[in-house]
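Asker: give me the fold of what follows.
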Amino acid sequence: MRHPETQRFCLLSALAMGVLAGCGSSSHPAEVTKDGGETAETSAGGSHDGGADAPPVPLTKEYDALPSPPLLQNLDGGFIASPTIVAIFFANDDPALLPQLEDFYTGLGTSPLWKAAKEYGVGAATAMNVVLTEDAPATIDDSPDTKGDTTALESWLLAEIASGKIPAHTANTIYMINYPAGTAVTADGTQCVDFDGYHTDVMTTAGTLISYGVIPRCTDQESTTLITFTSKASHEAIECATNPYPDYEPAWAEIDIPHIYFDLANDGSEIADMCEQDPETYQEFPGFPFTVQRIWSNEAVLAGHDPCVPEITGKVFFNAVPELPDTGLLSYQGNMATVDSIHIPVGETRTVYLDLYSDGATADWDVLVLDINEWSGGDPSKNLLTLPSAPVKGNNGSRIPISFTVKTAGNAATNGEPNNTELFAVASSIGTGASATTHYWYGIVTN
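Answerer: Numbers count the residues shown, from 1 in each chain. Coordinates of the predicted model:
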């Protein structure tokens, strides 16, 4: 994930669960699902509310009725096709936990998660675990001022490589620096509060680019230290392979421009950022006994399946996608991007249609549209959009009308949203509470 201000760091925000989930906390699922062949959620009954009167119909592979989905783009930077992950640990790490962390890295490069990155040109990775004889420092700073700066952490890394304490760099090398409890990492924020991990790059004096990730030792709410570690390390390691040099030569770094508002909704749109908010994102898959974070798949979303992979065996994917028939301008990283949107002037009301789809038979599901402020846990009184407060029901093939009113225009200075735009989230859910299955999609209004 890229830092929203400097764009240098790929900061990993923590997951907040539930329909009103969003960014900004360090919570984590209380229970991580093991992919062991769950049955599809089906039940009898339920009407097609919200204005859809046609029965559900099976979708074809073309999915012509659905709006074009967001697709991850390669920005012409280089990815690492055959990575070598050098996992760096320190002498003062927890001796009871360290063997498990080493086993995680040893198996990561051939795990089901890693194999899912094949569509982006990344093959199997090998691992080298290095336990240094030195203790980790009490604090280490990795906060850049401007592009080209060498931080204290980067200076240390380059010195360790030069001294031979860490294996020499090659074009295939990814360094993953794993700090133990007791080390405080600063990197445009506070570890375990603002980030649980990040990845970035450093350029040597000879002009060589080096990809590295940093994983401080955190324990997210309702989780364990091991699960927190492997979730974040899997996220950052696979982004190191698919986008190794985000500062200088970005590769699979960003969603396509018409859907660039997904970057704002997810606090980044790299391969793992795009799935970070999904409540089913953290999984343990057969053959690899560690929790990992699933990643975005262009192939899967184009086929009408769960865009987050690996697939969870036996699960039916369902979602609701807003129709955005207009185009508008979104202020993004200092430029104006033309995005798919629905145009609604301030103070006016317009109907937005939601297209529901699933890749198998399932019960009718609830659909709730939320202002991005409320979805992120903000005070609903500060919402920019007025939306129905109650969910509507539908199923595969339903087209549901939702009334949108623009209450206040987005304003970067006053309400933190890009000028003259209002983001919203669409939550699709079956079930209630901890047992609910929920998926998200995003849209944008332009004024």
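Asker: buried stuff in stretch 142-159?
Answerer: When neighbours are counted by 16 or more other C-beta atoms under 10 Å, the buried residues of stretch 142-159 are found to be D142, S143, P144, T151, L153, E154, L157, L158. Bear in mind the C-beta positions are built from the backbone N, C-alpha and C, glycine included.
Asker: for stretch 234-245, that is, sorry about that
Answerer: Along stretch 234-245, the positions that meet the burial threshold by neighbour count (16+ other C-beta under 10 Å) are S234, H235, E236, A237, I238, E239, C240, A241, T242, N243, P244, Y245.
Asker: tell me the secondary structure at the first one.
Answerer: I take that to be S234. Reducing the assignment to helix, strand or coil with DSSP: H, G, I helix; E, B strand; the rest coil, the entry for S234 is helix.
Asker: wait, it touches A116, no?
Answerer: No - under the criterion of C-beta atoms under 8 Å, S234 lies out of contact with A116, with a separation of 10.9 Å.
Asker: quick one on the thing from earlier: farthest pair within the buried residues of stretch 142-159?
Answerer: S143 and L158 (16.9 Å; C-beta to C-beta).
Asker: of the buried residues of stretch 142-159, which one scores lowest on pLDDT?
Answerer: Lowest-confidence member of those: P144, scoring 82 (pLDDT).
Asker: what are the phi and psi values at that residue?
Answerer: Per-residue torsions, P144: phi -80, psi 150 (degrees, to the nearest 10).
Asker: and the buried residues of stretch 234-245, which two are the farthest apart?
Answerer: In the buried residues of stretch 234-245, two members sit farther apart than any others by C-beta to C-beta. They are S234 and Y245, at 19.9 Å.
Asker: which parts of the protein are helices?
Answerer: Assigned by DSSP state H, the helices in the chain fall at 98-108, 112-115, 152-163, 225-242, 261-266, 298-302, 372-375.
Asker: these: which one's closest to T421?
Answerer: If we rank those by C-beta to C-beta, the stretch that ends up nearest is helix 261-266, at 7.7 Å.
Asker: put the alpha carbons of the closest one into PDB.
Answerer: Presented in PDB, the C-alpha positions along helix 261-266 are these (Å, rounded to 0.1, in the frame of the first residue of the first chain):
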ATOM      1  CA  TYR A 261     -11.400   6.000  -6.600                       C
ATOM      2  CA  PHE A 262     -10.900   2.400  -5.400                       C
ATOM      3  CA  ASP A 263      -7.400   3.600  -4.400                       C
ATOM      4  CA  LEU A 264      -8.900   6.200  -2.100                       C
ATOM      5  CA  ALA A 265     -11.500   3.800  -0.600                       C
ATOM      6  CA  ASN A 266      -8.800   1.100   0.100                       C
END
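Asker: can I get the buried residues of stretch 234-245 in TSV with distance to V352 and pLDDT?
Answerer: Listed next are the buried residues of stretch 234-245 as TSV, based on distance: C-beta to C-beta, whole Å; pLDDT from 0 to 100:
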residue	distance to V352	pLDDT
S234	36	98
H235	32	98
E236	36	98
A237	38	98
I238	34	98
E239	33	98
C240	38	98
A241	38	98
T242	33	98
N243	33	97
P244	39	97
Y245	39	96
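Asker: turn those residues into TSV, columns for distance to P325.
Answerer: Compiled in TSV, those are given as follows (distance: C-beta to C-beta, whole Å):
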residue	distance to P325
S234	38
H235	34
E236	38
A237	40
I238	35
E239	33
C240	38
A241	37
T242	32
N243	32
P244	38
Y245	37
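Asker: the bottom helix or strand of this structure by mean pLDDT?
Answerer: Between all helices and strands in the chain, the lowest mean by mean pLDDT, DSSP states H and E belongs to strand 33-34, at a mean of 38.
Asker: just want the most central residue of the chain.
Answerer: What sits nearest the mean C-alpha location of the chain, by C-alpha atoms, centre = their mean, is D273, with 2.1 Å.
Asker: show the pLDDT at that one.
Answerer: 96.
Asker: please look at it and A265 and confirm they touch.
Answerer: No - contact status for D273 versus A265: not in contact, 10.0 Å apart, counting by C-beta under 8 Å.
Asker: list the contacts for the residue nearest to T150 when sequence neighbours are not counted?
Answerer: In this structure, T150 finds its nearest non-sequential neighbour in V202, 6.5 Å apart by C-beta to C-beta, 6 or more residues apart in numbering. By C-beta atoms under 8 Å, 6 or more residues apart in numbering, the contact set of V202 is T150, T151, E154, L157, L158, L209, I210, Y212.
Asker: what's the farthest-apart pair in those?
Answerer: Taking C-beta to C-beta, the two most distant members of the contacts of V202 are T151 and L209; they sit 15.2 Å apart.
Asker: stretch 307-317: which residues count as buried?
Answerer: Going by neighbour count (16+ other C-beta under 10 Å), the buried part of stretch 307-317 is P307, C308, V309, P310, E311, I312, K315, V316, F317.
Asker: same list, those, but as CSV with distance to A171 and pLDDT please.
Answerer: Rendered in CSV, the data for these read as follows (distance: C-beta to C-beta, whole Å; pLDDT from 0 to 100):
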residue, distance to A171, pLDDT
P307, 30, 97
C308, 30, 97
V309, 27, 97
P310, 28, 97
E311, 32, 95
I312, 35, 94
K315, 38, 92
V316, 42, 95
F317, 37, 97
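Asker: for the residue located most distally from the centre of the chain, give its distance to V202.
Answerer: No residue in the chain sits farther from the centre than S163, which is 36.1 Å out by C-alpha atoms, centre = their mean. Look at S163 and V202: by C-beta to C-beta, to the nearest Å, they are 16 Å apart.
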